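S.K.: What follows is a predicted structure for the sequence shown.
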Amino acid sequence: MNITCERSVLPRTTANIFIPIRCLILAALYGLLCLGARSAEIPTGEEGFKTTVMPFFKKHCVECHGADKSKGKVTLHTIGGDLSSGKGLEHWETILDVLKYEEMPPEEEPQPDDAQRQAVAKWIESGLRDYVSKGSKDKANKEKLAPIARRLTNFEYENTMRDLLGIDLKLIDGLPEDPIVPYKFNNTASYMLIGPEQVSRYKKTARRAMASVIVDPKKPEIHKTQQKWQPSGAERGAGSDEVNIWNNSRGTPGRGMSLKGFPETGEFKIRFQTSAILPPGINQVPLRFVMGYNLGVNSSTLEVAPIGTVNLSNNPDDPQIYEMRGRIENFPRETAKPKKGIPQPMTLTITPQNLYDDGTLNDENRYHYWPRQMEMPRIVINWLEFEGPITEVWPPLHHTQILFESPNRLGNPEAYVREVLQRFMSRAYRRPAMADEVARFEKIYALIRSEIGTLEAAMRETLAMVLISPQFLYHTVADDGAVQPQYELASRLSYFLWGSMPDKELMKLAADGKLEDNAVIEKQVIRLLADKRSGDFVHNFAEQWMDLHKLKTIPVNAEIFPRFLYYVSAGERKGTEVPYVPTIRDHMIEETVGFVAELIRRNASVTNLVHSDFAYLNQPLAAHYGVDGVEGLDFRPVAIKPQHHLGGLLTQGSVLVANSTGTASHLSCGLAP
């Protein structure tokens, strides 16, 4: 479903200019409300207009919006009550908004009671529903072949698999890329179709996921590796246990720890003892660990992925022990080029990175010289250890949530399989699975089990088949059979605000028929926005809305703007981007995403999109914009002054660079030398 917040006519009143951003989100959800049943019986059509609406207007509105006055260019004494014709809809939408959010009548005027407001609002909602329904039928008759359902986008697919399976697996790389249509969102059915290649990729990805989720009864072999470093050479300025800015010598932790062995699947943890050498005036330094193959500026680097980041402020006299966790499957396994036809395994390496960046690291390439290194914060690592897979509880929770304990497991295996399928399929389909659907997969399980010896192996393959069914891959659509409108509404809410499947609370409300109440929906919208998963929605929305992917297509002139990206200065890859180090371009994307998220968190006025009294910055980006007093890589709201020429979206580097040539400067905002 495409949802738009645009409106062709808005009265130019202060009340409408300073609309809180959450009100816009609720307005965007109006299309969802159209699915709900009417929560109270009120007269509809012309009868309701005469008996409910016009008396309300005459008593509370026409004095300012009638024949003598027309504030905001809105008059109500002659407005028609036939919404199905489509006339005056923009006025009715505005009236609905000001009623629901009690913006009218003005505070100094007599106020109607809640029952009167709700009666008029429900009449308007009923009329708008009828108009939408009529328009949908007319359009359907004209475009019978147009797709009405769409598949999950890759973003939605990965989030849904995470919440369905209980573990966070990076699955997007295994799927064909979603189409990118400039200045359009990809939540359009005609864009989100499925072809043979995608079905094959979905099957492979589902099998990979189920191999991680359902484990074998026997505990796997545990792999452990530890490495220590000593501060030798510290008397000459820098010890062999230090991690500097990029340029790290052999034998130091900056070159990483190679694993002697590692598991195929499962959770792992790394533990390390560390501290920081901080020059005067610097209070912290970020330490990030990544895992990959042959990591290093002057080596043959393949793909790596971050494990986690900590900010260090403790000195070497007070070393601290930290722990980070991850999934081994999220670090792609690679192989080197074959030698004499024999595949050569690559060494998996865990590498620390000193990410301190004051915004000057590219100045005259000074970071390559030893004095420059000594001016910067350095990280001391005493030891680092790897352990995986973690088997503190076996089988792990994500396994027992699917293959749960039941008296039928041993007493009645067929009934147990039915129980497992019923529960899993109902969650995967985002509505109760029908008996015939479950029976179909019971037969599939029986066929697989006759060839595969264990319950776990047979269930992995069976549930992988569930995950390539249309009921999982396509968005829930209500019909006259299996799906009730409440389940469709629950899915629309969660995919709009989370980019993922409904949780237990939404499903329970749908099962109880409570999502027909607009007050319940509004409460759920606020709850969903408060959940950390709404960050996924904000990132996906902002990225598509602002076309942020365009930043990576602009060839920025490195000679004119040396700070924008970091480049390899020597060796075979001289002049190419330094891999796996955050750049100003990356920070600009995070600035825009974080700015939009901050407006939603504050429930701020939408005027902040044009002009705000704060910017959303970290230290490198603040230095790029010429804003002092910001330390660290973490983004936060920063008060700005007129001389900064910042505020709102249009001054942000992501917008300016994406619409530039990569050579022309945008003063202090986007590209600046």
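M.R.: Nice, thanks for sending it over. Numbering: from 1, shown residues only.
S.K.: List the residues that contact V581.
M.R.: By C-beta atoms under 8 Å, 6 or more residues apart in numbering, the residues touching V581 are 246, 353, 355, 566. All C-beta atoms are positioned from the backbone trio N, CA, C, and that covers glycine.
S.K.: quick one: what helix or strand has the most centrally placed residue in the chain in it?
M.R.: Residue closest to the average C-alpha location in the chain (C-alpha atoms, centre = their mean): D536, at 1.7 Å. With elements taken from DSSP states H and E, the one containing D536 is helix 534-545.
S.K.: hang on, the earlier thing: now render the contacts of V581 as JSON lines, adding distance to G662, secondary structure and pLDDT.
M.R.: Shown next, in JSON lines, are the contacts of V581 (distance: C-beta to C-beta, whole Å; DSSP: H, G, I helix; E, B strand; the rest coil; pLDDT from 0 to 100):
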{"residue": "W246", "distance to G662": "24", "secondary structure": "coil", "pLDDT": "70"}
{"residue": "Q353", "distance to G662": "27", "secondary structure": "strand", "pLDDT": "92"}
{"residue": "L355", "distance to G662": "25", "secondary structure": "coil", "pLDDT": "92"}
{"residue": "Y566", "distance to G662": "16", "secondary structure": "coil", "pLDDT": "77"}
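S.K.: Residue ranges of each domain in the protein, please.
M.R.: 14-142, 223-388, 546-658 (automatic domain parsing).
S.K.: so what's the residue nearest to the centre of the chain closest to, chain neighbours aside?
M.R.: Nearest in space to D536, with sequence neighbours left out and distances taken as C-beta to C-beta, 6 or more residues apart in numbering, is G499 at 4.7 Å.
S.K.: before we move on, the earlier item: neighbour-wise, give me the winner out of the contacts of V581.
M.R.: Q353 (24 neighbours; other C-beta atoms under 10 Å).
S.K.: isn't that residue right up against N248?
M.R.: No: counting by C-beta atoms under 8 Å, Q353 does not reach N248; the two are 9.5 Å apart.
S.K.: joint contacts of the two?
M.R.: Counting by C-beta under 8 Å, 6+ apart, nothing touches both Q353 and N248.
S.K.: wait, doesn't the residue nearest to the centre of the chain sit right on Y495?
M.R.: No: the pair D536 / Y495 is not scored as a contact, 10.6 Å apart, by C-beta under 8 Å.
S.K.: what about the helix holding D536, average pLDDT?
M.R.: For helix 534-545, mean pLDDT is 91.
S.K.: Which elements pack onto it?
M.R.: Applying 3 or more C-beta pairs under 8 Å, 6 or more residues apart in numbering; DSSP states H and E, we find helix 534-545 packed against helix 154-165, helix 485-497, helix 584-602.
S.K.: Out of those helices, indicate the one that is most buried.
M.R.: Highest mean neighbour count among the helices and strands packed on helix 534-545 (mean count of other C-beta atoms under 10 Å): helix 485-497, with a mean of 23.
S.K.: Just want the angle from that helix to helix 534-545.
M.R.: Helix 485-497 and helix 534-545 meet at an angle of 70 degrees, taking axes from the mean of the first three to the mean of the last three C-alpha atoms, to 10 degrees as the criterion.
S.K.: ok and helix 485-497 relative to helix 154-165, angle-wise?
M.R.: Using the same axes, to 10 degrees: helix 485-497 against helix 154-165 is 120 degrees.
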